[in-house]
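Visitor: Build me a model from this:
(chains A and B)
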Amino acid sequence: MNTQLLIQLLVNGLVVGTLYGVVAMSFVLIYKATQVVNFAQGELLLIGAWVCWWLLTKYQVPFYLGMPITLVFMFLFGIAIQIVILRPMIGEPIISVIMVTIALSTVFSALMKWMFGVNLQPFPRIFQTQNVNFLGLQVQTVYLMSLAVSVAMMIGMAWFFRLSKYGLAMRATAFNQQVAQSLGISVKSVFAMAWAISATVSAVAGVVVAVVNGVSAGLSAYGVKVFPAAILGGLDSVGGAVLGGIIIGLLENVAHFLDSEYLHWGNLYEIAPFYALIIILMIKPYGLFGTKDIERI
Amino acid sequence: MAGQTLIPAGDFRTTYAADTTVFPTPTSRNAMIAGIVLVCFAPYVVSAYVLSLLIQIGIFAIAAIGLNIVVGFTGQISIGHAAFFGFGAFTSAYLSNQFSIPVFFCIPLAGVVTAAVGLIFGLPAARLKGLYLAIATLAAQYILLDFFARAEWFTGGSVPASAEPFSLFGYTLRGDRQYFYVVLAYVIVCYLLVTNLIRSRDGRALVAVRDHYLSAEIMGINLTKYRTLSFGLAAFFAGVGGALYAHYNQVVSNEGFGIDRSIIFLAMIIIGGLGSIMGTLMGTAFMVLLPESMEWLSVALRDSPIDQFLGLKNNIAFLREMAIGVIIIVFLVFEPDGLAHRWRQIKAYWKLYPFSH
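Guide: All right, here's what the predicted structure looks like:
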């Protein structure tokens, strides 16, 4: 057994897993607040990464300036999507809403390919040192940054929901829209804000992935990995999404380890999350922390 | 009210048979027959290019009709239809190559095998609904695609599998012209099958599950059975369509059965109108012609300032993708009932002309 490789892969899984967790968290945020399953989450991540890359390479904007501009842009972009596309869909059947987000993802991914091409573009170097020694392991600086940013975003999100006034309004809306509205909460602005925050958080994750791996159309694959993570944690549980993301990230890398060491089936890590997804849906459809759907007649 | 040429203005039906009749008047039946006869002459009138488009419309329409059973009639969501389409294509090629079964029998057999696979992936549908089901079918899409890449004995792996041309009692059909009639026959048969399915007891059960599944269950409809059944049926038609596709191209590669194709199938039934079989045909025609019209547009605009600004020639693939997404959004926002609804409105307009309101 190759312990060195296993530890390396576990660290890898943790880093990728926290990123999945962050994206899943922003996915769950939209679902909880607006009851929309966002199939375009991966594209939001992709757009954020491309915008930041574009600012940094074409306009030579320094990173500490380019990043906030990207986030402001994504914030406004999220609001715009909600108002223009999703607001007319309120009250439509679930299939229509799902189809709209699927169509959005098609449009965005094609638009991004059109504007920026299909090739992988390396991100400008941000850190001077490539590797740091961490507990006897050589860890890439970008990995540490990725982990730190993810954890910071999770803490920020937790603070927002638990302690801020707006977060409270959002939780109230998620709990019951009519009651929230009658208490003076503007459901419209909560919906728009949910999309804005989700787009911004996804963009942060997108930039982090871009710094690690470079930008390409393949980034939107993170949007698909959100589903196993969110289902595992429970579709309407923010904490569950984070945990689910970490588990899926670890699972991928453990599958990769088993595959390369013992099974030699090839590409097992790509498909393992989907098998996990089917199994979870079969035995525990509401995930680890999701609310069970009880219907009254 | 069979026996009358015109439908009376108002609802005068007194029997259930009159309510579920396929052709409300002899004229509508004759018009349908005349339409089919006219289409039969198509191969000798239209160019080879138009003929290939017609064949594609026919093939995809069969699969889209299957998807409409799940989405339009049963109200379940399936994002993995293209994978079943691909499974049918590979199965038919495999059966005819390995067991030298005549292609004539391979196509329905492929449908049956695909239906079995569809039933397996429909099992989650027994417990899940709405979003959860959509996500399960998404997983099915990826798992089946992975299976295609992995199972070299079945699909040939990276080397495309070859499919034999269509043959009937030792007589091999060659070329698009002859294949057109095969596709046409299948479209008519599938159309009739699904139309009659919806008129039957089982069809009504499916619609009841869509309209209110709790009420349906209380009325004694077995939800598990009908949800799974709808997936099986959809997979059957996807398999038949895929098999026809395989023998049309005579080669099956791993490409073209991905999630983007699934989205196009969904777009076909949404544009056509959920729960309308005629609408599905219209929606399929629309979705097949849309990318082609983008091509015509780019040819028409060649070397114009717009072309130079957008770089149409090199980016036509992305433009097509975008057009598909934009069309879906436009239809969902402005015409959620699809082309079938528009068609009914046009008919109603002419019925009441000149007193339209």
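Visitor: What sits closest to residue 13 if chain neighbours are left out?
Guide: I'll assume chain A. Residue nearest to residue A:13 in three dimensions, not counting chain neighbours: residue A:253, with 3.4 Å by Cβ to Cβ, 6 or more residues apart in numbering or on different chains. C-beta: built from backbone N, CA, C; applies to glycine.
Visitor: should've been chain B
Guide: Closest residue to residue B:13 apart from its sequence neighbours, by Cβ to Cβ, 6+ apart: residue B:19 at 5.0 Å.
Visitor: So for the one you found, what's the pLDDT?
Guide: For residue B:19, the model assigns a pLDDT of 76.
Visitor: ok, now how distant is it from residue B:284?
Guide: To residue B:284, residue B:19 is 28 Å away according to Cβ to Cβ, to the nearest Å.
Visitor: who's in contact with residue A:254?
Guide: With contact taken as Cβ atoms under 8 Å, 6 or more residues apart in numbering or on different chains, residue A:254 is in contact with A:9-10, A:13.
Visitor: which one of those residues has the most neighbours?
Guide: When neighbours are taken as other Cβ atoms under 10 Å in any protein chain shown, the top entry among these is residue A:13 (24 neighbours).
Visitor: Would you check how far apart that one and chain B are?
Guide: 20 Å (Cβ to the nearest Cβ, to the nearest Å).
Visitor: before we move on, what about residue A:29?
Guide: To chain B, residue A:29 is 15 Å away according to Cβ to the nearest Cβ.
Visitor: Who are the packing partners of the helix or strand that residue falls within?
Guide: Using DSSP states H and E, residue A:29 sits in helix A:3-34. If you count contacts as 3 or more Cβ pairs under 8 Å, 6 or more residues apart in numbering or on different chains; DSSP states H and E, helix A:3-34 packs onto helix A:41-58, strand A:137-140, helix A:141-163, helix A:165-175, helix A:187-213, helix A:221-233, helix A:238-258.
Visitor: make it 6 Å
Guide: helix A:141-163, helix A:165-175, helix A:187-213, helix A:221-233, helix A:238-258 (3 or more Cβ pairs under 6 Å, 6 or more residues apart in numbering or on different chains; DSSP states H and E).
Visitor: Mind putting those helices into a markdown table with mean pLDDT?
Guide: What follows is the helices and strands packed on helix A:3-34, written out as a markdown table (pLDDT from 0 to 100):
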| stretch | mean pLDDT |
| --- | --- |
| helix A:141-163 | 84 |
| helix A:165-175 | 86 |
| helix A:187-213 | 89 |
| helix A:221-233 | 85 |
| helix A:238-258 | 87 |
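Visitor: ok, which residues in chain A are in contact with chain B?
Guide: Applying Cβ under 6 Å from any Cβ of the partner chain, we find that chain A lies next to chain B at A:37, A:88, A:94-96, A:98-100, A:102-103, A:106-107, A:110, A:113-114, A:227, A:271, A:274, A:277-278, A:281, A:285, A:297.
Visitor: and the helices and strands packed on helix A:3-34, which is most packed in?
Guide: Among those, helix A:221-233 has the highest mean neighbour count (mean count of other Cβ atoms under 10 Å in any protein chain shown), at a mean of 27.
Visitor: relative orientation of that one and helix A:238-258 in degrees?
Guide: 110 degrees (axes from the mean of the first three to the mean of the last three Cα atoms, to 10 degrees).
Visitor: elements contacting helix A:221-233?
Guide: Here helix A:221-233 touches helix A:3-34, helix A:41-58, helix A:238-258, helix A:268-283, going by 3+ Cβ pairs under 6 Å, 6+ apart.
Visitor: elements contacting the lengthiest helix in chain B?
Guide: Of all segments of type helix in chain B, defined using DSSP state H, the longest is helix B:223-249. Packing contacts for helix B:223-249, counted by 3+ Cβ pairs under 6 Å, 6+ apart, involve helix B:48-68, helix B:81-98, helix B:103-127, helix B:201-211.
Visitor: Swap in 8 Å and give it another go.
Guide: helix B:48-68, helix B:81-98, helix B:103-127, helix B:175-199, helix B:201-211, helix B:213-218.
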